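[1] Based on what follows, work out the 3D shape:
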Amino acid sequence: MLVKVYGSAVIGVEATTITVEVNIDKGIGYHLVGLPDSAIKESSYRISGALKNSGYKFPGKKITINMAPADLRKEGSAYDLALAVGIMAASGQMESARLSEFVIMGELSLDGSLNPVKGALPIAIQAKKDGFKGFILPSQNGKEAAVVEGLNVYALSNIKEVINLLKGENRIAPLCVDIKREFYEKTNSEDLDFADVKGQETIKRCMEIAAAGGHNIILIGPPGSGKTMLAKRLPTILPPMSLTEAMETTKIHSVVGKLNGNTGLMYSRPFRSPHHTISDVALVGGGTYPQPGEISLSHNGVLFLDELPEFKRSVLEVMRQPLEDREVTISRARFTITYPSSFMLVASMNPSPGGFFIDKDQVSSATVMEAQRYLSKISGPLLDRIDLHIELQPVPFEKLSGKRSGEKSKQIRERVMVARNIQSERYSSKNHIHYNAQMSVKQIRKYCRLDKTSQQLLKHAMQHLNLSARAYDRILKVSRTISDLAKSDDILPEHIAEAIQYRSLDREGWLG
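    Predicted coordinates for the structure are as follows:
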């Protein structure tokens, strides 16, 4: 008897429906075809144990299973449940009439219970597109899949519940999640606050500009000056994610299995902080079976690289293209995958190996050669792609010990959101541009027009600081953001002047 069951394969952050064809005939043997990997080939042992321990029979006949399309490689143990249901239906132990209505995914334990799978959200989205009525999956992935409206999601605990549901013996209601209410209730809950940071008011202003325009930023200062503390609080002043952004971000984290089972969507912007020993594949994504890297896991959020010069140069150089294109393409002989990677890069570094600026009056200060050698670990093209270069000095004792608290993240976020709303209106006709840092050269020429005084000021800076064409564009983008924060339609000379002073690493002799 031949039956068809439907599963799904996740490729990149998108899913493709897989047809599992199960045929049982006279003879003995278990034949699994359709480019399955080792985990799927081992499924017969898990399925046999799960069925027997749940009170069902594993047929001792010739079982042939084809996973179509046969030229697409299938990976992982998530097909166990679909294969088991197909075997049950083909052996006549259950009816197969309702199988065409569902996508079925889940990993089986030997006792018949279901273990969570990766990529439940993109699978649910594709199931709805393909016209399936329901999605049967493990209970741990229920909320994640229930985010998709218009699809009945059945989050079950074991194979017995699945078979009873398909037989019609158990009337289980589909999982319902009011995702919009839950999303808007939880988007504003933050544990960190800029009010915790003593002093550094100038740096907070820079962080506000970076958040308002989505600009990349590098913080340069000695140990204990607050670089990490400020970076960790940057997400608290970014605008809350929209439902669309939350879906995009959740899909990526779903693919790598990094979602909390108690929540359907990611409510806060991601903040990723990889260690400096990370490999280039772990950062941008890839591997034998490509997976998203840290830059894609930071999509719509912040990627924080602490102690930037300590990262391997090859690791940093692979970020050049994703920083410009806001996506990363991984090519293999048989396929090409593109992952979104629209993130804010926040980097920090000490000014020298010893951690201090050049200061003739301090014994512990660095020499010019030491500082230049340390800075040369970061390439010029990468620094060019960072809009704001900020120097930090240690916070004096008077401010550290003072009782006066700084401005709260909520107040800063309100100003940032006003500036972002201005940008949203400006780029409303552009599909892929939402804030100033995403502007192309064409948009820069259109929206960053300067008066004569501003042009002269920028020309003087270009000549004296020996800035590149990319740095020129960065200054215009930052000045546009500063004018948006000031609610000004035009870019004024003071906006250009402030943007120029945030290019510390372009200034000759900035080390001392």
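
[2] Mind naming the longest strand for the protein?
    Secondary structure of the chain per DSSP state E: the longest strand is strand 14-25.

[3] Flag every buried residue along that strand.
    Across strand 14-25, burial judged by 16 or more other Cβ atoms under 10 Å covers Glu14, Ala15, Thr16, Thr17, Ile18, Val20, Glu21, Val22, Ile24. Backbone N, C-alpha and C define where each C-beta goes, glycine included.

[4] What's the mean pLDDT across that strand?
    In this model, strand 14-25 has a mean pLDDT of 95.

[5] Relative to that strand, what are the paired strands and their orientations?
    strand 2-11 (antiparallel), strand 62-68 (antiparallel) (DSSP bridges).

[6] got these as a markdown table, with distance to Pro351, mean neighbour count and mean pLDDT columns?
    A markdown table is the format used below for the strands paired with strand 14-25 (distance: least, Cβ to Cβ, whole Å; neighbours: other Cβ atoms under 10 Å; pLDDT from 0 to 100):
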| stretch | distance to Pro351 | mean neighbour count | mean pLDDT |
| --- | --- | --- | --- |
| strand 2-11 | 44 | 22 | 95 |
| strand 62-68 | 57 | 19 | 96 |
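
[7] Who are the contact partners of Tyr447?
    When contacts are counted by Cβ atoms under 8 Å, 6 or more residues apart in numbering, Tyr447 touches Arg426, Met439, Arg480.

[8] Quickly note the distance from the second one to Ala124.
    In this structure, Met439 and Ala124 are 35 Å apart, going by Cβ to Cβ, to the nearest Å.

[9] Make TSV from the buried residues of strand 14-25 and add distance to Arg413 to it.
    Converted to TSV, the buried residues of strand 14-25 look like this (distance: Cβ to Cβ, whole Å):
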residue	distance to Arg413
Glu14	33
Ala15	35
Thr16	40
Thr17	41
Ile18	44
Val20	48
Glu21	54
Val22	54
Ile24	61
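
[10] and which of those is nearest Ser341?
    When the buried residues of strand 14-25 are ranked by distance to Ser341 (Cβ to Cβ), Glu14 comes first, at 15.7 Å.

[11] close enough to count as contact, the closest one and Gln126?
    Yes. Glu14 lies in contact with Gln126 (Cβ atoms under 8 Å); the separation is 7.1 Å.

[12] Quick one: residues in contact with the longest strand of the chain.
    Identification of contacts with strand 14-25 by Cβ under 8 Å, 6+ apart yields 1-10, 59, 61-69, 72, 74, 79, 82-83, 86-87, 89-91, 103, 119, 122-123, 125-127, 130.

[13] tell me the contacts of Gly287?
    Counting by Cβ under 8 Å, 6+ apart, Gly287 touches Val281.

[14] Closest to Lys232 out of the buried residues of strand 14-25?
    Distance to Lys232, by Cβ to Cβ, is smallest for Glu14 among the buried residues of strand 14-25, at 32.2 Å.

[15] Run through the stretch 301-450 of the chain and note the low-pLDDT ranges.
    The stretch 301-450 of the chain contains residues with pLDDT under 70 at 357-366.

[16] residue boundaries of the helices in it?
    For the stretch 301-450 of the chain, the helices defined by DSSP state H, counting those that start in this stretch occupy 313-317, 320-325, 368-375, 380-384, 397-401, 409-426, 441-447.

[17] Over to the most centrally placed residue in the chain: give its phi and psi.
    Centroid check for the chain by Cα atoms, centre = their mean gives Leu297 as the closest residue, at 2.7 Å. Backbone geometry at Leu297, expressed as degrees, to the nearest 10, gives phi -70, psi -20.

[18] if I look at it, how far off is Lys143?
    20 Å.

[19] just to revisit the earlier point, tell me which of Met439 and Ala124 has more neighbours.
    Taking other Cβ atoms under 10 Å, Met439 and Ala124 do not tie; Ala124 has more neighbours (26 against 23).

[20] mind checking how far the helix or strand hosting that one is from the chain centre?
    Element membership for Ala124, per DSSP states H and E: helix 120-129. Distance, stretch centre to chain centre, for helix 120-129: 19 Å (Cα atoms, centre = their mean, to the nearest Å).

[21] Which secondary structure elements does that helix sit against?
    For helix 120-129, the packing partners by 3 or more Cβ pairs under 8 Å, 6 or more residues apart in numbering; DSSP states H and E come out as strand 2-11, strand 14-25, strand 134-138, helix 142-146, helix 243-255.

[22] Any chance of the ones you listed in a markdown table with distance to Phe304 as columns?
    A markdown table is the format used below for the helices and strands packed on helix 120-129 (distance: least, Cβ to Cβ, whole Å):
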| stretch | distance to Phe304 |
| --- | --- |
| strand 2-11 | 28 |
| strand 14-25 | 28 |
| strand 134-138 | 33 |
| helix 142-146 | 26 |
| helix 243-255 | 16 |
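
[23] Residues contacting stretch 296-306, please?
    Applying Cβ under 8 Å, 6+ apart, the contact partners of stretch 296-306 are 227-228, 231-232, 234-235, 238, 241, 245, 248-249, 252-253, 256, 258, 269-274, 276, 284-285, 294-295, 311, 328, 339-348.

[24] about what we covered before: could you work out which of the strands paired with strand 14-25 reaches nearest to Leu400?
    Closest to Leu400 of the strands paired with strand 14-25 is strand 2-11 (Cβ to Cβ; 49.4 Å).

[25] That closest one versus strand 134-138: what angle between them?
    Calculated by axes from the mean of the first three to the mean of the last three Cα atoms, to 10 degrees, strand 2-11 forms an angle of 70 degrees with strand 134-138.

[26] All good on my end, thank you.
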